[in-house]
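In: Sequence plus the predicted model coming up.
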Amino acid sequence: MTSRTSLRLAAVLIALVPAVAACATGPEGAAPAPSASSAPPAAPAGAAEAARVGAADSGCTLPVSFGIAASWTPKAVDTAALGPDLAAALGKGGMVPVCEIDAKPAGNIGFIRVYTGEHGDLRATLTSFAGPGAQAPAFTDLQIGGKPAVEITYTVKSELDGTVEQETAFAVPTSRGVVAVALEAFDDEEHAAMLPAYQLAKSSLTVTG
């Protein structure tokens, strides 16, 4: 059992303490009240759009606009303040991060990050974006916001503990170059939990610039 799973199990047990105490203080000999049957947890439902990011007043000014789920928090990445070296280090395959939408306020560990780069072939751009360590890359041709787009899914070995983790991103052309939107989670468990918010971004994206 991972430490993350242990923490979540502990939280569930703590939450059950008041209910157990309430049953214990009922009339002596009284049968406990019937409880609803516990069903297995459902798969994450599709995320509903709570706001949009991309406009000047949305936290990030982008050549695209898309919906974000409740409590996800967008923030612009100030590459000028970072300096060229750090900005390049945070970039992927020549693309630089311009916006990150934080999942922590929604209860997950990770981001949806938006990157921009030069005009070019979308598959080649995503191949460079994934990097030489990408394993089993798979591409899907899409139409997003009325534009031809490409999505990549692949796995990559974590530099922290050597585990193999899921990665996914899509790229779409704009008049200001290619925009890539990537789901970047702490681990595969978080990736699965955050996937509906990524799917929301993909299904609701429009090109505005």
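Out: On my side now, so go ahead.
In: Spit out the contact partners of the closest residue in space to residue 145 that isn't next to it in sequence.
Out: Of all residues not flanking residue 145 in the chain, residue 206 sits nearest, at 4.3 Å (CB to CB, 6 or more residues apart in numbering). C-beta coordinates here come from the backbone N, C-alpha and C atoms, glycine included. Contacts of residue 206 were listed using CB atoms under 8 Å, 6 or more residues apart in numbering, and they are 64, 65, 66, 145, 146.
In: tell me which of those residues is nearest to residue 180?
Out: The shortest approach to residue 180 among the contacts of residue 206 belongs to residue 64, at 10.4 Å (CB to CB).
In: From residue 184, how far out is the closest one?
Out: Per CB to CB, to the nearest Å, residue 64 is found 18 Å from residue 184.
In: Who has more neighbours out of these two?
Out: The neighbour count for residue 64 versus residue 184, taken as other CB atoms under 10 Å, is higher for residue 64 (24 against 20).
In: quick one on the thing from earlier: quick one: pLDDT of the residue nearest to residue 145?
Out: Note on residue 206: pLDDT of 97.
In: Kindly report the same for residue 72.
Out: Per-residue pLDDT puts residue 72 at 98.
In: what sits against it?
Out: Residues in contact with residue 72 (CB under 8 Å, 6+ apart) are 50, 101, 102, 103, 105, 106, 112, 197.
In: about what we covered before: what about the contacts of residue 206, which are in strands?
Out: Here DSSP state E is the test, and those give 64, 65, 66 as lying in strands.
In: what pairs with the first one across the strands?
Out: Applying DSSP bridges to residue 64 yields these beta-bridge partners: residue 207.
In: Next, work out how far apart it and residue 177 are.
Out: 11 Å.
In: so what pLDDT did the nearest residue in space to residue 143 that is not next to it in sequence get?
Out: Leaving out its chain neighbours, the residue that sits closest to residue 143 by CB to CB, 6+ apart is residue 149, at 6.7 Å. Turning to residue 149, the model gives it a pLDDT of 98.
In: Assign residue 149 to one of the three secondary structure states.
Out: strand (DSSP: H, G, I helix; E, B strand; the rest coil).
In: and the gap between it and residue 207?
Out: Using CB to CB, residue 149 is found at 10 Å from residue 207.
In: which of these two has more neighbours?
Out: Counted by other CB under 10 Å, residue 149 and residue 207 do not tie: residue 149 has more neighbours, with 23 against 20.
In: I'd like to check which residues are in contact with the more buried one.
Out: Residues in contact with residue 149 (CB under 8 Å, 6+ apart) are 122, 141, 142, 143, 170, 171, 172, 173.
In: Neighbours of the fifth one, how many?
Out: Going back to what we said before, that points to residue 170. Number of residues near residue 170 (other CB under 10 Å) recorded here: 23.
In: Surely it is in a strand?
Out: Yes: secondary structure of residue 170 (three-state DSSP): part of a strand.
In: Verify the stated contact: it with residue 178.
Out: No: using CB atoms under 8 Å, residue 170 makes no contact with residue 178, being 10.6 Å away.
In: Report the buried members of the contacts of residue 149.
Out: Neighbour-count burial within the contacts of residue 149 applies to 122, 142, 170, 171, 172, 173; the criterion is 16 or more other CB atoms under 10 Å.
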